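Trainee: coords please:
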Amino acid sequence: MTKETIEEIGNAVFEQRNISPTHLSVSSKNINSWIRGKLVPFVPVQQAEDSSDQEMPAASNANKKNTSMPKWIRLNLAQAVWVSIVNELYNFKVPLDKLEELAYNVWQKPREQKFADKVFEHHIKDNPNNLPKHEIDKLKSHLRSEILMEHYFRTIINPFTEIVKSAFYRNELPHNFLYVPETNEFMFHYQPLNLTLDLTSIYLQKPMISIPIVPILSKILLQEYDNKKIKDLNYLSSIEKQIRDIVVFKRPKVVEIALQEGNIKTIVVTEEHKSRIQLAEYILKNKIKKGSKLLIDIRSNDHYKITLIKK
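Mentor: Have a look, this model is predicted:
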């Protein structure tokens, strides 16, 4: 895995984002209650509604109710997945005291056991991703800072966030959170092995809840990547809008972007497969921009792959 891929995954999983509670199928009231009850550790209580609403006349309240914006909560991707899992278990009638104990074992216990430190030490000693020396030195520097480790890295690096990261970039594997309500035991299953070979006897002898991670991730990310649901794009710069329009609407195979002062220069590569008749129609009906290249690869008597490179 390259340094760039590691950074991309880390940013995707740990960057704080605005998330609509409806995408988690849970109310903001419940989320705040779970945060206060330590079911969702290391997350501040979300801002409540303005208390001045109670002093407003009924008519004003009604008008505000009709024009109010949807509520949003600030979570990173791993925290959002955890909220969804808590909600699933809550709907299965798992008691709150068991959920609190479960949250402690998933989040706080690895912090106390310094799981993040062991991850850093592994990368420093073995360097499995062939990181350059300055990146290894950076890990060593982080590891020497007890404040940084205790109050940041140990709160975000644990076995649970590891399975979320794995599910984010390796969605072909099973990524399940397995939970036994009777004993409050759990495990993360995300290896390409026969399920029964991974499980200890408790998972074979007791009723078990299995919660798949990938569908939860897909549901959360949908609000960001489904252009039909993202209507307000004013926060994007003009350059970011150009890039988004190319990716979303043209659906290219490859986009190469050269950033210049105030604008961008793009090379867009699209690929399609057509029959002989479809190929003729494509050439006749599409006006190919000057400077573009159209590559035609004959695959069979009636099968052509066309690649259009546009500057």
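
Trainee: tell me the strands in the stretch 1-150 of the chain, going along the chain?
Mentor: 17-19, 73-75 (DSSP state E, counting those that start in this stretch).

Trainee: what comes up buried for the last one?
Mentor: Which is strand 73-75. Ile73, Leu75 (16 or more other C-beta atoms under 10 Å). All C-beta atoms are positioned from the backbone trio N, CA, C, and that covers glycine.

Trainee: just to revisit the earlier point, lowest average confidence across the strands of the stretch 1-150 of the chain, which one?
Mentor: If these are sorted by mean pLDDT, strand 17-19 sits at the bottom with a mean of 83.

Trainee: Averaged pLDDT, the lengthiest helix in the chain. What do you get?
Mentor: Scanning the chain for the helix with the most residues, using DSSP state H, yields helix 77-91. The pLDDT scores in helix 77-91 average 96.

Trainee: Distance to Leu221 added to the strands of the stretch 1-150 of the chain, as TSV?
Mentor: Compiled in TSV, the strands of the stretch 1-150 of the chain are given as follows (distance: least, C-beta to C-beta, whole Å):
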stretch	distance to Leu221
strand 17-19	10
strand 73-75	13
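
Trainee: of all the ones you listed, which lies closest to Asn130?
Mentor: strand 17-19 (30.3 Å; C-beta to C-beta).

Trainee: May I see the buried residues of that closest one?
Mentor: Buried residues in strand 17-19, defined by neighbour count with 16+ other C-beta under 10 Å: Arg17, Ile19.

Trainee: mind listing what that strand pairs with, with the direction of each?
Mentor: Sheet pairing of strand 17-19 (DSSP bridges) gives strand 73-75 (antiparallel).

Trainee: ok now the strand it pairs with, how far from the chain's centre?
Mentor: Taking C-alpha atoms, centre = their mean, to the nearest Å, one finds strand 73-75 lying 13 Å from the centre of the chain it belongs to.

Trainee: what does it contact?
Mentor: Gln16, Arg17, Asn18, Ile19, Ser20, Pro21, Ser28, Ile31, Val43, Pro44, Gln46, Val83 (C-beta atoms under 8 Å, 6 or more residues apart in numbering).

Trainee: Select only the buried ones of those residues in ChimeraX?
Mentor: Entered in ChimeraX, the line below selects the buried ones among these, by 16+ other C-beta under 10 Å:
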select :17,19,21,28,31,43,46,83
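
Trainee: Show me the two of the contacts of strand 73-75 that sit farthest apart.
Mentor: Largest separation among the contacts of strand 73-75 by C-beta to C-beta: Ser20 and Pro44, giving 18.1 Å.

Trainee: May I ask you to confirm that Val86 is in contact with Trp34?
Mentor: Yes: taking contacts as C-beta atoms under 8 Å, Val86 lies within contact range of Trp34: 6.0 Å.

Trainee: who touches both of the two?
Mentor: Val40, Leu99.

Trainee: what about Ile288, which helix or strand?
Mentor: Here Ile288 sits in a region with no helix or strand, counting by DSSP states H and E.

Trainee: what's the closest non-adjacent residue to it?
Mentor: Among residues not flanking Ile288 along the chain, Leu294 sits closest, at 6.0 Å (C-beta to C-beta, 6 or more residues apart in numbering).

Trainee: and that neighbour, which of the three is it?
Mentor: Following DSSP: H, G, I helix; E, B strand; the rest coil, Leu294 is assigned to strand.

Trainee: Likewise for the one 3 residues further on?
Mentor: The three-state label for Asp297, taken from three-state DSSP, comes out as strand.

Trainee: same thing with Tyr304?
Mentor: Under three-state DSSP, Tyr304 comes out as strand.

Trainee: ok, it - contacts?
Mentor: Tyr304 sits next to His273, Lys274, Ser275, Arg276, Leu279, Ile296, Asp297, Ile298 when contact means C-beta under 8 Å, 6+ apart.
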